[in-house]
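Enquirer: here is the input, now give the coordinates:
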Amino acid sequence: MKRILLAATASLALGACATVPADTATTPPVQADAAQSWDRFTQATVKRMFEIDPAFAVYQGDHDYDGKLPDWSEAGLNARAAFLKQTIADANAFTGLSKDQAFERDYLVSVLRGQLFWLTDADAPHSNPTWYIGGGLDPNVYVSRNYADKATRMKAMIAFFDGIPKAAAHIRANLRTPLPKSFVEMGIAGFGGFADYYKGDARAAFADVDDPALQAQFRASSEKASQAMAALRDWMIAEKPKATTDFALGAAKFSRMLKATELVDIPLDQLETVARDDLARNRAAVKTACAEYAPGKSVPDCFAQMNADKPADGPVAEARRQIPELTAFVKQHDLVTIPGTEQALVEESPPYNRQNSAYIDPPGPFEKGVPSIYYISPPDPAWSKEVQQAYIPGKDDLLFTSVHEVMPGHFVQFLHSNRSPSLIGRLFVGYGFAEGWAHYTEEMMWEAGLGAGKPEVHIGQLSNALLRDCRFISAIGLHTQGMTQEQSKKLFMDQCYQDEGNAAQQAARGTYDPEYLNYTLNKLLIRKLRDDWTASRGGRAAWKQFHDTFLSYGGPPVPLVRQSMMEEKTPKTVF
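Expert: Just a heads-up that it's a prediction; the model follows:
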């Protein structure tokens, strides 16, 4: 389980902790002296979770688990469910805790309930390839993080590759066909991408290790792993003619997802009203900005004019220039504390993980001296030249992607979570908290003066906001109202002014990532919490204090943070 995944596999990866053999699937017993035993309980529980999902442990920087893969057998999945249920019961049995411990208990329980939803209620291991694509098959930690010398990391990769054929056999046995077409296409892209990566870029990354015996072992293990992934890809290709359009969770399950994963409990018709109101707000703002920037032109033409100003040397080089400028702006306007001296590098996304245009890979809390990497995806070479060119963002559009991913978005957020006083806060940063914060920072930076009021910069911010508004509406429509993928694509193009390639990609993502409504949903929850919390603390003058306090919690569901910061009796969904 990765702490955050901004590619298309995000929601299920965050829920996809793997499994443990049945004889180790019990939690530590609750002890009589609850207040003193809680810390021991959390430490022991986290240790078990690391044993259950070694990929999660490695991603956090605990390299005692290097090279190990989750147990995706049917017995392992059943044991995982038993572990989650028992741990939830044991955690809830604690009473007499301090305020901080009680919050940490509720935080841990919310994490486990979210994982249990995806494991049992949604039945993701049997129905969705992204459970595996985002849940342990990615060896990028060994390639991109210099936590040890190359030979040591290479040996970990060999052990990892040695486990892939068995893992692939479990995946093939678990997935129940026919699958939805978009899921099959995701499987083809994901498994096929890993097949290429294992014997291609992953092998090339260690080509300079001067150890012929180790190199021979590495080639043999990576070849077998690649063949196992290629076999899954070919199986997915063979399944394509039988693919369905039955991807929807349904209204009842969608509501359970929101409550289990984000503590959001609101009727779906009210939630849709919130989404459409924000879409209307941002569409009105776009029309105003476009009237100033491109008078007489339609909004699509205005967007085209803004996006025509593309970086001559590509988005990666442009993002590398943007980050120092954004850092200086955050410091100058005293918006949020930037702890530590860590860096964020910018690289092109690896071929197996290009289902989203950009994402960041932050180091876990146990890593030392390892940079975050901000990945930007190139367009699909299979697209037409026109669609490829449209996919490359304009400078002002990319500016707010860099805000989102790096400064003061995810990168800053993880600098804070890695320093959380809570072990649970350091390890478990939720989808809604992370994406809500990062998306919130885009509008906050514009409000703070980024771009000096230039309408084209505002349009860049609004283009990103509109994209997330259509995700919000599409998630509800696709999973509760019978919306088709084509109708979702049309929504992205007509209402949110997205180009055809991006609209198609976003519509497909909504089918297997129903949680991608979290961007706007949680942004609005954070904005309301900020307004309510700062109202008695000086308003705008208290923004930095609010931001630092909010980020200090780690990454729990936003309603739980609201309960603590506003000193309310229960978590509330307040917009």
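Enquirer: doesn't G114 make contact with I88?
Expert: No: using C-beta atoms under 8 Å as the test, I88 is too far from G114 to be in contact (10.9 Å). Every C-beta, even on glycine, is put in place using the N, C-alpha and C of the backbone.
Enquirer: those two: who's more crowded?
Expert: More crowded of I88 and G114, by other C-beta atoms under 10 Å: G114, with 26 against 19.
Enquirer: list the buried residues for stretch 148-155?
Expert: K150, R153, M154, K155 (16 or more other C-beta atoms under 10 Å).
Enquirer: among those residues, name the ones in helices.
Expert: K150, R153, M154, K155 (DSSP state H).
Enquirer: and those residues, which is closest to R233?
Expert: M154 (25.0 Å; C-beta to C-beta).
Enquirer: can you tell me the closest non-neighbouring residue to that closest one?
Expert: Counting by C-beta to C-beta, 6 or more residues apart in numbering, M154 lies nearest to F206, which is 4.8 Å off, once chain neighbours are set aside.
Enquirer: so who does that neighbour touch?
Expert: Applying C-beta atoms under 8 Å, 6 or more residues apart in numbering to F206 gives the contacts K150, R153, M154, M157, Q215, F218.
Enquirer: ok, 7 Å please
Expert: K150, M154, F218 (C-beta atoms under 7 Å, 6 or more residues apart in numbering).
Enquirer: related to what we said a few turns ago, got TSV for the buried residues of stretch 148-155, with distance to M49 and pLDDT too?
Expert: Listed next are the buried residues of stretch 148-155 as TSV, based on distance: C-beta to C-beta, whole Å; pLDDT from 0 to 100:
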residue	distance to M49	pLDDT
K150	29	97
R153	23	98
M154	27	98
K155	25	98
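Enquirer: pick out the most distant pair among the residues you listed.
Expert: The widest separation within the buried residues of stretch 148-155 (C-beta to C-beta) is 9.8 Å, between K150 and K155.
Enquirer: which parts of the protein are strands?
Expert: Ranges of strands within the chain are 344-348, 358-361, 372-376, based on DSSP state E.
Enquirer: given the last one, what are its sheet partners and their directions?
Expert: Strand 372-376 pairs in its sheet with strand 344-348 (parallel), strand 358-361 (antiparallel), by DSSP bridges.
Enquirer: mind putting these into JSON lines with mean neighbour count and mean pLDDT?
Expert: Listed next are these as JSON lines, based on neighbours: other C-beta atoms under 10 Å; pLDDT from 0 to 100:
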{"stretch": "strand 344-348", "mean neighbour count": "18", "mean pLDDT": "94"}
{"stretch": "strand 358-361", "mean neighbour count": "24", "mean pLDDT": "92"}
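Enquirer: returning to that earlier point: need the buried residues of stretch 148-155 in JSON lines with distance to K259, can you?
Expert: Putting the buried residues of stretch 148-155 into JSON lines (distance: C-beta to C-beta, whole Å) gives the following:
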{"residue": "K150", "distance to K259": "46"}
{"residue": "R153", "distance to K259": "41"}
{"residue": "M154", "distance to K259": "44"}
{"residue": "K155", "distance to K259": "44"}
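Enquirer: who wins for proximity to G449 among the strands of the chain?
Expert: With C-beta to C-beta as the yardstick, what comes closest out of these is strand 344-348 (22.3 Å).
Enquirer: from the chain's centroid, how far away is the closest one?
Expert: Taking the mean of its C-alpha atoms, strand 344-348 sits 17 Å from the chain's own mean (C-alpha atoms, centre = their mean, to the nearest Å).
Enquirer: other residues contacting it?
Expert: Identification of contacts with strand 344-348 by C-beta under 7 Å, 6+ apart yields 316, 319-320, 323, 371-376, 378, 406, 411.
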